[in-house]
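Trainee: Pasting the sequence and the predicted coordinates here, then a few questions.
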Amino acid sequence: MTDFNLLTIDCQASDAPQRLVQSLRDTGFAVLTNHPISAGEIADVYAGWEAFFASDAKFDYLTTPETQTGYFPFKSENAKGYSKKDLKEFFHVYPHGPVPADLEAMTRDFYDKLVALGRAMLSWIEDNSPEDIRALFSEPLPQMLDGSSMNLLRILHYPPQDPEDAHSGAVRAAAHEDINLITLLVSGSAPGLEARDAKGNWHEVPCDTGMITMNIGDMLQKASGGYYPSTTHRVVNPKEGQNVSRYSMPMFLHPRPDVRLDADYTANDYLQERLREIGLKG
């Protein structure tokens, strides 16, 4: 086994739950294939949102610090511990909040399918975790999503890079960990996602069409007493000759705000602290 034993999981295979948990335990990441969401549906959602980011209509959906919904302009967010803003713009889709009318039906359906897949993956983790780790959870992992209005589909656009930004040391997404329980990342339109192993080496994460990358977030790391690692990852700047737009769609699966992660934090306590750290709240 290498230091980064990232497994590709066929979701229809009989041993898929066990292999998923093995990969998450070893690396904090897994790659899902043969899942219920078709490559054609993914392509349609990307095409619709590509047109949105190319239009000035996006400014009609500007977010506010109070809502955290809608459109976040270029250079809105920085990774924890970084002063430079990431080179991206994005849109937040929650059960509440605005979605452009021409994209709403397709996006809401896509959102629901990702939440259902995430719930299934949490069930696999719950069922295949050691008994002493399950005992740490304040309630079963899938149940933590019951009644949650915090599951977030983030639709990201990394524009072609300005040389001045590249020379400044800014990057598309600086090294960070996710806040939530688990993330389902629909493969990006171009390479760039990398994950860091325990020795500090970076590894490219596959992004073949139709794949969904899954990773552990800080909330599950905390709830599991560190058993499941929230692995540091980043999106690197484009290589020479590949300076084109990149799109990606992570679904962040969040527990209800009142869910207790450990003795010190509820999910809401932890979320508010992290939003301040990354510059999305004052």
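Mentor: Now that the structure is in, tell me what you want to look at.
Trainee: switch to C-alpha atoms for all contacts and neighbour counts from now on
Mentor: Will do.
Trainee: does residue 223 really touch residue 136, like I thought?
Mentor: Yes. With contact defined as Cα atoms under 8 Å, residue 223 reaches residue 136; the gap is 6.6 Å.
Trainee: These two: which has the busier surroundings?
Mentor: residue 223 (23 against 15; other Cα atoms under 10 Å).
Trainee: Need the nearest residue in space to the more buried one, chain neighbours excluded.
Mentor: Closest residue to residue 223 apart from its sequence neighbours, by Cα to Cα, 6 or more residues apart in numbering: residue 261 at 4.7 Å.
Trainee: So the one you found is in contact with residue 139, correct?
Mentor: No. Using Cα under 8 Å, residue 261 is not in contact with residue 139; the gap is 9.5 Å.
Trainee: Mind checking which of these two has more residues around it?
Mentor: residue 261 (27 against 13).
Trainee: Can you list the low-confidence ranges for the stretch 51-200 of the chain?
Mentor: 166 (pLDDT under 70).
Trainee: any chance you could map the strands in it?
Mentor: Per DSSP state E, counting those that start in this stretch, the stretch 51-200 of the chain carries strands over the ranges 70-72, 89-93, 152-158, 173-176, 182-186, 193-196.
Trainee: As CSV, those strands with mean neighbour count would be great.
Mentor: Converted to CSV, these look like this (neighbours: other Cα atoms under 10 Å):
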stretch, mean neighbour count
strand 70-72, 23
strand 89-93, 23
strand 152-158, 22
strand 173-176, 20
strand 182-186, 25
strand 193-196, 20
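Trainee: For residue 126, which of those is the nearest?
Mentor: Nearest to residue 126, of all the strands of the stretch 51-200 of the chain, is strand 182-186, at 12.5 Å by Cα to Cα.
Trainee: Point out the other elements, helices or strands, that the closest one touches.
Mentor: helix 101-128, strand 212-216, strand 246-253 (3 or more Cα pairs under 8 Å, 6 or more residues apart in numbering; DSSP states H and E).
Trainee: any idea how far it is from the chain center?
Mentor: Here strand 182-186 is found 4 Å from its chain centre; the criterion is Cα atoms, centre = their mean, to the nearest Å.
Trainee: okay, the angle between that strand and strand 246-253?
Mentor: 150 degrees (axes from the mean of the first three to the mean of the last three Cα atoms, to 10 degrees).
Trainee: Strand partners (parallel or antiparallel) of strand 182-186?
Mentor: Note on strand 182-186: by DSSP bridges, its sheet partners are strand 212-216 (antiparallel), strand 246-253 (antiparallel).
Trainee: Now the element after the first one, going C-ward?
Mentor: Put plainly, it is strand 212-216. As assigned by DSSP states H and E, the chain's next helix or strand after strand 212-216 is helix 218-223.
Trainee: for the longest one, same thing?
Mentor: Elements were assigned by DSSP H and E; along the chain past strand 246-253, the next helix or strand is helix 267-277.
Trainee: which parts of that following helix are buried?
Mentor: Buried positions in helix 267-277, judged by neighbour count with 16 or more other Cα atoms under 10 Å: 267-268, 270-271, 274-275, 277.
Trainee: Next, format those residues as JSON lines and append distance to residue 67 and pLDDT.
Mentor: Listed next are the buried residues of helix 267-277 as JSON lines, based on distance: Cα to Cα, whole Å; pLDDT from 0 to 100:
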{"residue": "267", "distance to residue 67": "17", "pLDDT": "96"}
{"residue": "268", "distance to residue 67": "15", "pLDDT": "94"}
{"residue": "270", "distance to residue 67": "17", "pLDDT": "93"}
{"residue": "271", "distance to residue 67": "14", "pLDDT": "91"}
{"residue": "274", "distance to residue 67": "16", "pLDDT": "85"}
{"residue": "275", "distance to residue 67": "12", "pLDDT": "83"}
{"residue": "277", "distance to residue 67": "17", "pLDDT": "82"}
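Trainee: Quick one: the strands paired with strand 182-186 as a markdown table, columns for mean neighbour count too.
Mentor: Formatted as a markdown table, the strands paired with strand 182-186 follow (neighbours: other Cα under 10 Å):
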| stretch | mean neighbour count |
| --- | --- |
| strand 212-216 | 25 |
| strand 246-253 | 22 |
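Trainee: To residue 84, which of those lies closest?
Mentor: Residue 84 lies closest, by Cα to Cα, to one member of the strands paired with strand 182-186: strand 246-253, at 19.5 Å.
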